[in-house]
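Undergrad: Everything below, folded, please.
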Amino acid sequence: MKPLILLNFKTYKEVSGDKALVLAKKISQVSKPDYTVAIAPPLLSLKQIAQKVKIPVYSQHVDYKDYGANTGRILPAEVKALGCMGVIINHSEHRLPIAVIEKTVIACKKKKLKTVVCAQSLGVIKKVAQFKSDYIAYEPPALIGGAISITEAQPGIIVKAVDLVKKLSPRTKLLVGAGVKKAEDVGQALALGAKGVLIGSAAAKAKDPKKFLKELLI
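TA: Below you'll find the predicted structure:
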């Protein structure tokens, strides 16, 4: 399977409103056959973007609820109907209790949505690996949005995380994130055993998104 490059737009002003679609289209124009490039746009842009780009679209969050009296919830069924391929669960900016993570993964699996469960430590990886998500994204909070990549700061822990996931959930793949913004970071992550990266601000705030992505995935 090709490495996954998941670009999280978050909710930056640079991707508000129609700007999210503009960025999504620019990213979708970059052809990198050795990678699977996917995006997680702002939630209110999901329908518009999922219907107008051909690359995989992920939701930044979902709740485990189904149709019914669930005011304000984001339903896996609705996200699937919009054309999304997967979801991000338990991002550092939207933490969930372990029990809720489990229910959310189960709900997404029922709707055939890919699941990317974020984990901030090896301890959390141990807890969430039992849920057999498609991906676990290891992101130490102190490095998110920073100048130093996780691949520079914590290469040894990445290797431990890879081994831990292989042991506890062999079909789950490990992504790494936090400070990833150049080709060397991606190359090192893959060399250490990760199966892709989760990138936030570096992509969403890039002055030239197409150039950024081309240089990232040499």
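Undergrad: So which elements touch the worst-scoring helix or strand of the chain on mean pLDDT?
TA: Ranked by mean pLDDT, DSSP states H and E, the weakest helix or strand in the chain is helix 201-204, scoring a mean of 88. Packing partners of helix 201-204 (3 or more CB pairs under 8 Å, 6 or more residues apart in numbering; DSSP states H and E): strand 4-8, helix 209-216. Just so you know, the C-beta spots here come from the backbone N, C-alpha and C atoms, and that holds for glycine as well.
Undergrad: Swap in 6 Å and give it another go.
TA: The helices and strands touching helix 201-204, judged by 3 or more CB pairs under 6 Å, 6 or more residues apart in numbering; DSSP states H and E, number zero.
Undergrad: contacts for that helix?
TA: 7, 9-10, 12, 14-15, 145, 181 (CB atoms under 6 Å, 6 or more residues apart in numbering).
Undergrad: So Leu96 sits against Val87, correct?
TA: No. Leu96 lies out of contact with Val87 (CB atoms under 6 Å); the separation is 11.9 Å.
Undergrad: re earlier: where neighbours are concerned, which of the contacts of helix 201-204 has the most?
TA: Leu7 (27 neighbours; other CB atoms under 10 Å).
Undergrad: isn't that one right next to Val37, touching?
TA: No. Contact between Leu7 and Val37 fails when scored by CB under 6 Å: they sit 7.1 Å apart.
Undergrad: Run through the strands of the protein in chain order.
TA: With DSSP state E as the criterion, the chain has strands at 4-8, 36-40, 58-59, 86-89, 114-119, 135-138, 173-177, 196-199.
Undergrad: Could you export the ones you listed to TSV, including columns for distance to Ile106?
TA: Below are these laid out as TSV (distance: least, CB to CB, whole Å):
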stretch	distance to Ile106
strand 4-8	21
strand 36-40	21
strand 58-59	16
strand 86-89	11
strand 114-119	10
strand 135-138	16
strand 173-177	19
strand 196-199	22
